[in-house]
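**Student:** the sequence and its predicted three-dimensional model are supplied below.
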Amino acid sequence: MRSAKDFFRPLAVGAPDPVREVPFRPSRMIHFFDPGNEKMAAKVPSLAPKADVLLGNLEDAVQADRKEAARAGLVRIAKATDFGETQLWTRINSLDSPWALDDLLTLVTEIGHKLDVVMVPKVEDAADIHYVDRLLAQLEAKAGLTRPVLVHAILETATGVANVEEIAGASPRMQGMSLGPADLAASRRMKTTRVGGGHPGYLVRQDPNPEGDELPRATYQQDLWHYTIARMVDACAAYGILPYYGPFGDIRDTTACEDQFRNAFLLGCVGAWSLHPVQIDIAKRVFSPEPADVAWARKVIDAMGDGTGAVMIDGKMQDDATVKQCHVVVELAEALAARDPELAKAYAAAEKE
Ligand SMILES: CC(C)(COP(=O)(O)OP(=O)(O)OC[C@H]1O[C@@H](n2cnc3c(N)ncnc32)[C@H](O)[C@@H]1OP(=O)(O)O)[C@@H](O)C(=O)NCCC(=O)NCCSC(=O)C[C@](C)(O)C(=O)O
Ligand SMILES: [Mg+2]
């Protein structure tokens, strides 16, 4: 194993220096499109101003005989589109597929200067990241790139979840991680055929009523993904990278999508995937702190002075720890508002109330 001192050295002569901190850019939704699908590709320029991240998907959901067309489509779209502040990501094919090598060779060489993040599916351990890390460094050097392309891992195998910490810390190139609930369910032999979200059979039931069995007993649906998201969030926070909920496949059920996204937001995720344009606004709403929460957090920070001690605000105790919670909310709100004038207005209005 290399010395800790070498962690931030480029892995190829001429490759850009790795980043010391993951740059925080809004990524409330990673919007997936198939670059080989002409109808979807045509929508990319109009989606660019609305989405935080646009991701050209080359892996699952792209038919095997359309892989090359999707890759070529992404090169074409990236060259032709002005993405403004919106990030461009790609999801390459899995490392054991016949396409992954050409995905990286083509994309870094042709559009590496426009590509912010490469999402790698089915990552199982640090070795998968090390392979991509070195290859990207070689390709960046060859292409003369001046900033590194970052890497995002999908957590979608039981082995990947077991190794989540080593994946998170495998390279300074690691930007973040997403839950891949469909492949993960299959890998774990879970008995759900849904893409993310709950399941009516996964529940707890109220105790029997002592007055008699005939009275109905309430049931409460539980979150199948709570354990995995919580593990992922901890691993990401420990290594300074960003956690994301993945896809919610029931496109028509916008209410349940919003609920699942909000659970992830409250647990620490910074964003989720959107598979259909209708999910972009849901993610934008959910992953932006509520104006009232931001106004409250500012009030606590103001009242706490140097951030130590204990005070009472509106009947609630505040101390050194709660002020840190409030800083989390305000820092996120400010980072988002800096690029979203509507949000900035909503936060300013809530402040005055
Ligand atoms: C679900 C589908 C088939 C419904 O597509 P549709 O055409 O039936 O829907 P629609 O409501 O009729 O579409 C309306 C319009 O929006 C367009 N449209 C529709 N979607 C998009 C989009 N994403 N981006 C841009 N445009 C889009 C569509 O082309 C159409 O255009 P039109 O008005 O000109 O006719 C379609 O939305 C789609 O293919 N979405 C992406 C699916 C995808 O990327 N799946 C892979 C990610 S999830 C995953 O991999 C799992 C994971 C992590 O690996 C693991 O858990 O293991
Ligand atoms: Mg998958």
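**Tutor:** Great, that's in hand. Ligands and ions are numbered 1, 2, ... in the order given.

**Student:** mind listing what Lys316 touches?
**Tutor:** Applying C-beta atoms under 8 Å, 6 or more residues apart in numbering to Lys316 gives no contacts. Glycine gets a C-beta too; all of them are placed from N, C-alpha and C.

**Student:** what's across from it in the sheet?
**Tutor:** Ile313 (DSSP bridges).

**Student:** state the distance from it to Ala310.
**Tutor:** According to C-beta to C-beta, to the nearest Å, Lys316 and Ala310 sit 11 Å apart.

**Student:** Ile30 in helix, strand or coil?
**Tutor:** Classification of Ile30 using DSSP: H, G, I helix; E, B strand; the rest coil returns strand.

**Student:** number the residues from 784 up from this point.
**Tutor:** Taking 784 as the first residue, the last one we looked at is Ile813.

**Student:** residues near it, how many?
**Tutor:** For Ile813, the neighbour count with other C-beta atoms under 10 Å is 28.

**Student:** and the pLDDT at it?
**Tutor:** We note a pLDDT of 98 for Ile813 in this prediction.

**Student:** could you measure the closest residue to it other than its chain neighbours against Thr1091, distance?
**Tutor:** Excluding the flanking residues, the one nearest Ile813 by C-beta to C-beta, 6 or more residues apart in numbering is Val836, at 4.4 Å. Val836 is 38 Å from Thr1091, where distance means C-beta to C-beta.

**Student:** more neighbours, these two?
**Tutor:** The neighbour count for Val836 versus Thr1091, taken as other C-beta under 10 Å, is higher for Val836 (25 against 9).

**Student:** pretty sure the more buried one is touching Thr873, no?
**Tutor:** No. Assessed by C-beta atoms under 8 Å, Val836 is found out of contact with Thr873, at 10.7 Å.

**Student:** and for those two, which residues touch both?
**Tutor:** Any residue near both Val836 and Thr873 by C-beta under 8 Å, 6+ apart counts here, and that gives Val900.

**Student:** contacting residues around the closest residue to Gly1092 other than its chain neighbours?
**Tutor:** Of all residues beyond its chain neighbours, the one nearest Gly1092 is Asp1102 (6.9 Å), with distances taken as C-beta to C-beta, 6+ apart. For Asp1102, the contact set (C-beta under 8 Å, 6+ apart) comprises Met1087, Gly1092, Ala1093, Val1094.

**Student:** burial count for the residue in the stretch 784-933 of the chain positioned nearest to ligand 2?
**Tutor:** Closest approach between the stretch 784-933 of the chain and ligand 2, counting by C-beta to the ion: Asp843, at 5.1 Å. For Asp843, the count of nearby residues is 14 (other C-beta under 10 Å).

**Student:** likewise for Asp1085?
**Tutor:** Other residues within reach of Asp1085, judged by other C-beta under 10 Å, total 10.

**Student:** now do Asn946
**Tutor:** The tally of other residues near Asn946 (other C-beta under 10 Å) stands at 20.

**Student:** low-confidence stretches in the stretch 1034-1136 of the chain?
**Tutor:** Along the stretch 1034-1136 of the chain, no part satisfies pLDDT under 70.

**Student:** near ligand 1, which residues of it show up?
**Tutor:** Selection of the stretch 1034-1136 of the chain residues close to ligand 1 by C-beta under 6 Å from any ligand atom yields Ile1034, Leu1058, His1059, Pro1060.

**Student:** mind redoing it with 8 Å?
**Tutor:** Selection of the stretch 1034-1136 of the chain residues close to ligand 1 by C-beta under 8 Å from any ligand atom yields Ile1034, Trp1056, Ser1057, Leu1058, His1059, Pro1060, Val1061.

**Student:** can you tell me which of these are buried?
**Tutor:** Buried by 16 or more other C-beta atoms under 10 Å: Trp1056, Ser1057, Leu1058, Pro1060, out of those.

**Student:** coming back round to it: show me the contacts for the residue nearest to Ile813.
**Tutor:** For Val836, the contacting residues are Ser810, Met812, Ile813, His814, Thr869, Gln870, Leu871, Trp872, Asp899, Val900, Gly1054, by C-beta under 8 Å, 6+ apart.

**Student:** tell me where this structure has strands.
**Tutor:** 812-816, 836-840, 870-874, 900-903, 933-938, 957-962, 986-988, 1002-1004, 1025-1027, 1055-1057, 1094-1096, 1099-1101 (DSSP state E).

**Student:** deepest-packed of those, please.
**Tutor:** Per-stretch averages of neighbours, counted by mean count of other C-beta atoms under 10 Å, single out strand 1055-1057 among the strands of the chain, with a mean of 29.

**Student:** from the chain's centroid, how far away is that one?
**Tutor:** 7 Å (C-alpha atoms, centre = their mean, to the nearest Å).

**Student:** and it, which strands flank it?
**Tutor:** With DSSP bridges as the test, strand 1055-1057 is paired with strand 812-816 (parallel).

**Student:** re earlier: any of the contacts of Asp1102 buried? List them.
**Tutor:** Among the contacts of Asp1102, those buried by neighbour count (16+ other C-beta under 10 Å) are Met1087.

**Student:** what would the contacts of Asp1102 look like in a markdown table with distance to ligand 2?
**Tutor:** Output for the contacts of Asp1102, formatted as a markdown table (distance: C-beta to the ion, whole Å):
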| residue | distance to ligand 2 |
| --- | --- |
| Met1087 | 44 |
| Gly1092 | 49 |
| Ala1093 | 47 |
| Val1094 | 48 |
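
**Student:** which residue packs closest to the spatially most central residue of the chain, ignoring adjacent ones?
**Tutor:** The centre of the chain sits closest to Tyr1027, judged by C-alpha atoms, centre = their mean, with a distance of 2.9 Å. If the residues on either side of it in the chain are set aside, Tyr1027 comes closest to Ser961, at 4.3 Å by C-beta to C-beta, 6+ apart.
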